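In: What follows is a protein structure lacking sequence information:
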């Protein structure tokens, strides 16, 4: 039973952290901080997050500048 509860705890923590990442990304970037070029949404990229209770994986939006091709993750 403890293993079952532990599994649910991991799923709930992962789900809550993903929701927090999505909420933090509500303001989407529009211009490159360096060159001022327009940022295009490329895809989502996974990130391992180490928490006090273990590691979880979340997905973050990834953008790329049309001018310099530098990649950005929204601040949150």
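Out: Arrived safely. Nothing here was measured: the structure is a model prediction, and the numbers come from that model. Numbers count the residues shown, from 1 in each chain.

In: for residue 53, what are its contacts?
Out: 9, 13 (C-beta atoms under 8 Å, 6 or more residues apart in numbering). For every residue, glycine as well, the C-beta is placed using N, CA and C.

In: any idea how far it is from residue 9?
Out: Between residue 53 and residue 9 the computed distance is 7 Å (C-beta to C-beta, to the nearest Å).

In: And for residue 73?
Out: 27 Å.

In: ditto for residue 46
Out: Applying C-beta to C-beta to residue 46 and residue 9 gives a distance of 20 Å.

In: Show the subsequent helix or strand relative to the helix or strand encompassing residue 22.
Out: Using DSSP states H and E, residue 22 maps to helix 2-24. Sequence-wise, the next helix or strand downstream of helix 2-24 (DSSP H and E) is strand 39-51.

In: which residue is nearest the middle of this structure?
Out: residue 60 (2.4 Å; C-alpha atoms, centre = their mean).

In: Could you look up the SS state of that residue?
Out: Judged by DSSP: H, G, I helix; E, B strand; the rest coil, the three-state class of residue 60 is strand.

In: from now on call the first residue 21
Out: Got it, the first residue is 21 from now on, which makes the last one we talked about residue 80.

In: Wait, it touches residue 41, no?
Out: Yes: counting by C-beta atoms under 8 Å, residue 41 is a contact partner of residue 80 at 5.9 Å.

In: returning to what we had before: okay, and the beta partners of the residue nearest to the centre of the chain?
Out: residue 65 (DSSP bridges).

In: That one and residue 28, how far apart?
Out: 25 Å.

In: ok, now residue 81?
Out: 28 Å.

In: of those two, who's got more company?
Out: residue 81 (18 against 10; other C-beta atoms under 10 Å).

In: Tell me the confidence at that one?
Out: Residue 81 is assigned 88 on the pLDDT scale.
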